[in-house]
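K.L.:
how would this look folded up:
(chains A, B, C and D)
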There are 2 protein chains.
Amino acid sequence: MTSSGPRWLSRSEQSAWRAYLRGSRMLEDALDRDLQEHGLQLTEYEIISMLSEAPRHRLRMSELAELVVQSRSRLTHTATRLEKRGWVVREPCENDRRGVELVLTPEGRGRVVDVSAAHVESVRRHLVDLLSPEQFQAVGVAMAQVRDAKEDVDPYEDDDHAGMATWA
Amino acid sequence: MTSSGPRWLSRSEQSAWRAYLRGSRMLEDALDRDLQEHGLQLTEYEIISMLSEAPRHRLRMSELAELVVQSRSRLTHTATRLEKRGWVVREPCENDRRGVELVLTPEGRGRVVDVSAAHVESVRRHLVDLLSPEQFQAVGVAMAQVRDAKEDVDPYEDDDHAGMATWA
DNA sequence: CGAACAAGATTGAACATTAAACCATTCGCC
DNA sequence: GGCGAATGGTTTAATGTTCAATCTTGTTCG
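P.N.:
Reported below is the predicted structural model:
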């Protein structure tokens, strides 16, 4: 299987990868720091921001978890926190009684409105304005490819196929 | 001061930003998941990897914290964990008795060697191979600009200047 | 039908991270 | 030389996140 050794990164690949790693960390850091002045983390902002754009300001937990790339468990905990602050409420799902919808409250909606102005400036300052429009678009295209690569995972992704199937 | 409203993102800027956000999260996720099969997180790998490249396999805590974009406190905790696993040890700093150097042990060195092969394949699979060489380099250049933008922060970055200076 | 399995979400405990306070050393400077 | 501020690191507690187990509802299929 692995007859040839690992394909190490070339010097220029290495430096690109290092730049990505450090740059993305610094960016996340900066955005988070700016948001904290408004009393929330970027991951929390993402949640209420997604809700604010959704029809009827609501999304199912699992769908939302997928959107913001968080585990279900993590979202459950975070939602509880946000609920305590009065920004969201949980509602049972109509069709599927297993489901729960997270709904943005008017107060939460206000929060998004208040914070988004500052946040967009933050994104500009720490990212968009540092790049030429062409560069920024190129980054967008590249990261969209990264994002979309995972859409269709191979059907046997999880190796919990430890035995006793029909053929056993 | 804010005479004009926030400069909202255009539609295409918006979609580039969303692609970046989601793509970068998914990438980090994938890399982390792959590394976890080897019993460590990406942030931990970064630390021992930096140490393995440093002269004499050692770096000062603060320097290392800066390199991997972690708070000093976080690095302190993580270093303690890594020390318990036997991958690093702390040594007092020669010249500066406040300082502490984190040193990679032979065992830790072995760990880096073992894991790096798998890690580089992971980086390729989830990022490098998904882009054309030109795209990847462009991302590298862009993120280097993001990284370098913060090098020289304005001297009054912290607003802990609450009063009673000389002029008060 | 009904038994097994899948999906949606939550729980609680273990673990990791953050934030603020703290201690020791060094630097700046009069 | 010595006082005050800055730097380097750690500590503790509070806060967040992960991991595995659990509970409930839905789906599949013999």
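
K.L.:
how near is A:Leu102 to A:Asp114?
P.N.:
20 Å (Cβ to Cβ, to the nearest Å). Every residue, glycine included, has its C-beta placed from N, CA and C.

K.L.:
oh, that last question was meant for A:Ala144, not what I typed.
P.N.:
Distance from A:Ala144 to A:Asp114, by Cβ to Cβ: 29 Å.

K.L.:
these two: which is more packed in?
P.N.:
A:Ala144 (17 against 11; other Cβ atoms under 10 Å in any protein chain shown).

K.L.:
tell me, what residue is most central in chain A?
P.N.:
Residue closest to the average C-alpha location in chain A (Cα atoms, centre = their mean): A:Val68, at 2.9 Å.

K.L.:
count of residues packed around the residue of chain A found nearest DNA strand C?
P.N.:
As assessed by Cβ to the nearest atom of the strand, DNA strand C sits closest to A:Ser62 within chain A, at 2.6 Å. By the measure other Cβ under 10 Å, the count of residues near A:Ser62 is 13.

K.L.:
any part of the helix or strand hosting it near DNA strand D?
P.N.:
For A:Ser62, the host element (DSSP states H and E) is helix A:61-68. No - using Cβ under 7 Å from any atom of the strand, helix A:61-68 stays clear of DNA strand D, coming no nearer than 10.2 Å.

K.L.:
may I see the buried residues of that helix?
P.N.:
A:Met61, A:Leu64, A:Ala65, A:Leu67, A:Val68 (16 or more other Cβ atoms under 10 Å in any protein chain shown).

K.L.:
can you give me the strands for chain A?
P.N.:
Counting by DSSP state E, chain A has strands at residues A:58-60, A:88-92, A:100-104.

K.L.:
deepest-packed of the ones you listed, please.
P.N.:
strand A:100-104 (a mean of 22; mean count of other Cβ atoms under 10 Å in any protein chain shown).

K.L.:
flag every residue of chain A that's near DNA strand C.
P.N.:
A:36, A:60-63, A:65, A:72-73, A:75-77, A:79-80, A:90, A:93, A:96, A:98-101.

K.L.:
if you set the cut-off to 6 Å instead, what comes out?
P.N.:
Neighbours of DNA strand C within chain A, by Cβ under 6 Å from any atom of the strand: A:36, A:60-62, A:72-73, A:76-77, A:79, A:90, A:93, A:98-100.

K.L.:
DNA strand D contacts on chain A?
P.N.:
Counting by Cβ under 6 Å from any atom of the strand, chain A sits next to DNA strand D at A:Thr43, A:Ser71, A:Ser73, A:Arg74, A:His77, A:Thr78, A:Arg81, A:Asp96, A:Arg97, A:Arg98.

K.L.:
can you pick the most crowded of the residues you listed?
P.N.:
That'd be A:Thr78 among these, by other Cβ under 10 Å, with 21 neighbours.

K.L.:
isn't it right up against A:Gln70?
P.N.:
Yes - the pair A:Thr78 / A:Gln70 is scored as a contact, 7.3 Å apart, by Cβ atoms under 8 Å.
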